[in-house]
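# fold the following.
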Amino acid sequence: MIRTHQRIGQRVMTSLGLLGLLFAPIATSTVQRTGTSPIVRVISLTYGLGPPVLDRLTGHAFFRQVNSRYVHVLDTATGTFLRSIAVGVAREAIRNIIVEEKLDRVFVLTEPSSGTVPLIAHITALDAQTAQVLFDVPVTVGGDVWGNVVDPVTHRLFVLGVPDYLDSNITSNPARDAVRVTILDAITGRVIHTLALRPTLHWSDSYFRPTPPIVLNTRTNHVFVSLFDRNGVLVLDASSGQYIKTILLPPLVPGLEVNPHGNSLVTSDYLGRVYAIGERGMFSASTFKTQEPGMLTTLDASSGRVLHAVPTGTDTFAIIDAPTRRVFAISDGGDGKSSRITVLNALSGAVIGSVPHGTPLDPFEGQSVVDERSGQVIILTPGHGTLSVLDGTSGHPRYTIAIGSNPNDLAVDAQRGRVFVVSAGPRDRRNYPKGVGRLSVLDEQTGVVSKTIVVGRNPISVTLDEIHARAFVFSTGTPTVSGDLTVLDTSRL
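Numbers count the residues shown, from 1 in each chain. The predicted model follows:
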């Protein structure tokens, strides 16, 4: 299983205000709970950490220091701080942390902060047991790292770099400004192959996508990469990294074959399908706009054949419900107050129906989860403080409820049919939480909250380990109140 945390936002320099924290232990104290309380322990943490990425096999949590190149490792079983590791070079910041349990490794990717283009990032591999550095290698990414995948079967690591510095005033150079796909050996760090693709005609830092433009389909052993100079998808062999074919997608705008921002890609190994989501975008000599409707294209992951393409609304994201063989394409309703859910047959890509939804379901600020047992779709919309449960066959909302003040994250306990939601509570004028946060546990079928637990200040993530019946709630804290990691026994909730 792969778990990852992606840093979203503009490239930033290391904050001088955090330098004093870099060499201090992140775990300042641990409180062990006894009795019937579901809280096993509370581990106090220094302020300025990103959400942890957990390794269930080792019980280790890997934190990134915000806007820096430091990774901190914590033993969640004892609350013991293990070590801090500096990755990459000075003035780089961590972009992504990936735990690959099948390889017993942790991969840390940095993003370059400044320099002469094409820019260089670093990839560091850590031993998941000991947190020792196994390799630290530079990779030419051009501008920014826009996606990465690890194949534990072929031992390959794919990194996609995009020249995000291009604008209408820069004439692109195919060699300097290429979109780069770098393939590495995940065991040794050796660069096996680098593909240089044609650069996009124009780039906009204001455009964000809910899913990356690169995915791995393990059923076919293929890696799919969005093109940026035209509306298409590149197919690579996951073992060798060699080029297989280019799939041209239907034009987003009649007569215009260019898709400058690329496609968001989603894949299902179980169904053997890849779904490409693109915003239409109106082209002019100086700019691209992304306010026009988009398109969702269904591809056969084995042959690459385009099965179906359907128009969607703006800001579309797709949820694959494999048990019910449905895809839910959720788009903005056009009025800022609602959404529209287009229900597709996940195998053919054909439209089954369209369902209006009275609450905006924003893919950029919310969370969406499919319960693989019930087939239901659970969507959290923090900006509106609501949680919606959709029927996995029709897409019709079963219910929408208000769920705390400023909810931030959710997780599904599929074995017991429960949903866990963390909320920060009311905020002050500086946007800091006024008090402690809460973990709400509700019945997935009825939406009834069965238990509420007080947790730390500003909880932003909740992670479940169903095998060991544990929940991990990470609270960032504030500049004046330390954060913490609350470990709970879910069998007591």
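# so, low pLDDT: which residues of the chain?
Counting by pLDDT under 70, the chain has low-confidence residues at 1-25, 27-29, 33-34, 166-170, 201-210, 252-260, 280-293, 362-366.
# residue farthest from the centroid of it?
Gly35 (36.8 Å; C-alpha atoms, centre = their mean).
# give me the element that one is part of.
Counting by DSSP states H and E, there is no helix or strand that carries Gly35.
# distance of it from Ser440?
Gly35 is 22 Å from Ser440, where distance means C-beta to C-beta, to the nearest Å. To be clear about C-beta, it is placed using only N, CA and C from the backbone, and glycine gets the same treatment.
# repeat that for Ser239.
45 Å.
# what residues are up against the residue farthest from the centre of the chain?
With contacts defined as C-beta atoms under 8 Å, 6 or more residues apart in numbering, Gly35 has no neighbours.
# pick out whichever of Ser239 and Ser440 has more residues nearby.
A direct count of neighbours by other C-beta atoms under 10 Å for Ser239 and Ser440 places Ser440 higher, at 20 against 15.
# the closest residue to that one other than its chain neighbours: which element?
Residue nearest to Ser440 in three dimensions, not counting chain neighbours: Val421, with 4.8 Å by C-beta to C-beta, 6 or more residues apart in numbering. Using DSSP H and E, Val421 maps to strand 418-423.
# sheet-wise, list the partners of that strand with their directions.
The strands beside strand 418-423 in its sheet (DSSP bridges) come out as strand 407-413 (antiparallel), strand 438-443 (antiparallel).
# off-centre distance for the shortest one?
From the chain centre to the centre of strand 438-443 is a distance of 23 Å (C-alpha atoms, centre = their mean, to the nearest Å).
# what's across from Thr478 in the sheet?
Beta-bridge pairing of Thr478, defined through DSSP bridges, involves Val481.
# just send the strands paired with strand 418-423 back as a markdown table, with distance to Tyr165 too.
Converted to a markdown table, those look like this (distance: least, C-beta to C-beta, whole Å):
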| stretch | distance to Tyr165 |
| --- | --- |
| strand 407-413 | 32 |
| strand 438-443 | 42 |
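# list the buried residues of stretch 461-471.
461-464, 469-471 (16 or more other C-beta atoms under 10 Å).
# point out the ones among the residues you listed that are inside strands.
In strands, defined here by DSSP state E, the members of those are 461-464, 470-471.
# tell me the one of the residues you listed nearest Gly59?
Checking these against Gly59 by C-beta to C-beta gives Arg470 as the nearest, at 9.1 Å.
# ok, now which ones touch that closest one?
Contacts for Arg470 were tallied using C-beta under 8 Å, 6+ apart; they are 40, 76, 464, 487-490.
# also Thr200?
By C-beta under 8 Å, 6+ apart, the neighbours of Thr200 are 162-163, 166, 172, 179, 228-229, 260-262.
# go on, Ser339?
Contact partners of Ser339, counting by C-beta under 8 Å, 6+ apart, are 330-333, 356-357, 359-361.
# not counting its neighbours along the chain, what's nearest Leu82?
Val73 (4.3 Å).
# any idea how far the one you found is from Met295?
For Val73, the distance to Met295 - C-beta to C-beta - is 43 Å.
# strands along the stretch 51-200 of the chain, start to end?
All strands of the stretch 51-200 of the chain, identified by DSSP state E, counting those that start in this stretch, fall at 53-55, 60-64, 70-75, 80-86, 93-100, 105-111, 119-127, 133-142, 144-151, 156-162, 179-185, 191-197.
# list the strands paired with the longest one, with their directions.
Okay, so that is strand 133-142. Strand 133-142 is paired, per DSSP bridges, with strand 119-127 (antiparallel).
# identify all contacting residues around the partner strand.
62, 71, 73, 85, 87-89, 92, 95, 104-112, 132-145, 157, 159, 161, 184, 186, 189.
# hmm, 6 Å instead?
87-88, 105-112, 134-141, 143, 145 (C-beta atoms under 6 Å, 6 or more residues apart in numbering).
# buried among those residues? Make that a PyMOL selection.
Selection of buried members from the contacts of strand 119-127 for PyMOL, criterion 16+ other C-beta under 10 Å:
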select buried, resi 87+88+105+106+107+108+109+110+111+112+134+135+136+137+139+140+141+143+145
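# can you tell me the SS state at Ser491?
The assignment at Ser491 comes out as helix when based on DSSP: H, G, I helix; E, B strand; the rest coil.
# what number of residues are in the vicinity of it?
Ser491: 10 neighbours (other C-beta under 10 Å).
# give me the nearest residue to it, chain neighbours excluded.
Ala469 (4.6 Å).
# how near is the closest residue to Gly336 other than its chain neighbours to Val343?
Sequence neighbours aside, Pro360 is the residue nearest to Gly336 in space, at 6.9 Å (criterion: C-beta to C-beta, 6+ apart). Using C-beta to C-beta, one gets 19 Å for the distance from Pro360 to Val343.
# so what's the closest residue to Ile214 other than its chain neighbours up against?
Leaving out its chain neighbours, the residue that sits closest to Ile214 by C-beta to C-beta, 6+ apart is Gly147, at 3.9 Å. Contacts of Gly147 were listed using C-beta under 6 Å, 6+ apart, and they are 160, 212-214.
# how close does Gly147 get to Thr220?
Distance of Gly147 to Thr220, computed by C-beta to C-beta: 18 Å.
# ends of stretch 477-490, what's the gap?
23 Å (C-alpha to C-alpha, to the nearest Å).
# buried set for it?
For stretch 477-490, by 16+ other C-beta under 10 Å, it's 477-478, 481-490.
# would you mind writing the CA trace of the strand holding Val421 as PDB?
What follows is strand 418-423 as a C-alpha-only set of coordinates in PDB (Å, rounded to 0.1, in the frame of the first residue of the first chain):
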ATOM      1  CA  ARG A 418     -18.400   4.400  10.800                       C
ATOM      2  CA  VAL A 419     -17.000   7.700   9.600                       C
ATOM      3  CA  PHE A 420     -14.400   9.700  11.600                       C
ATOM      4  CA  VAL A 421     -14.300  13.500  11.100                       C
ATOM      5  CA  VAL A 422     -12.000  16.100  12.800                       C
ATOM      6  CA  SER A 423     -13.100  19.700  13.300                       C
END
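# show me what it is in contact with.
378, 403-412, 438-442, 444, 459, 462, 473.
# buried among those? Need that as a selection in PyMOL.
Selecting only the buried entries of the contacts of strand 418-423 in PyMOL, with 16+ other C-beta under 10 Å as the criterion:
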select buried, resi 378+403+404+406+407+408+409+410+411+412+438+439+440+441+442+444+459+462+473
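# residues contacting the residue nearest to Leu82?
60, 62, 82-83, 131.
# including neighbour count, could these go into CSV?
Listed next are the contacts of Val73 as CSV, based on neighbours: other C-beta atoms under 10 Å:
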residue, neighbour count
His60, 23
Phe62, 25
Leu82, 18
Arg83, 13
Ala131, 20
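# start and end of stretch 360-370, how far apart?
Stretch 360-370: ends 18 Å apart by C-alpha to C-alpha.
# oh, that last question was meant for stretch 99-114, not what I typed.
Start-to-end span of stretch 99-114 (C-alpha to C-alpha) is 27 Å.
# what count of nearby residues applies to Thr342?
Neighbourhood size, Thr342 [other C-beta under 10 Å]: 22.
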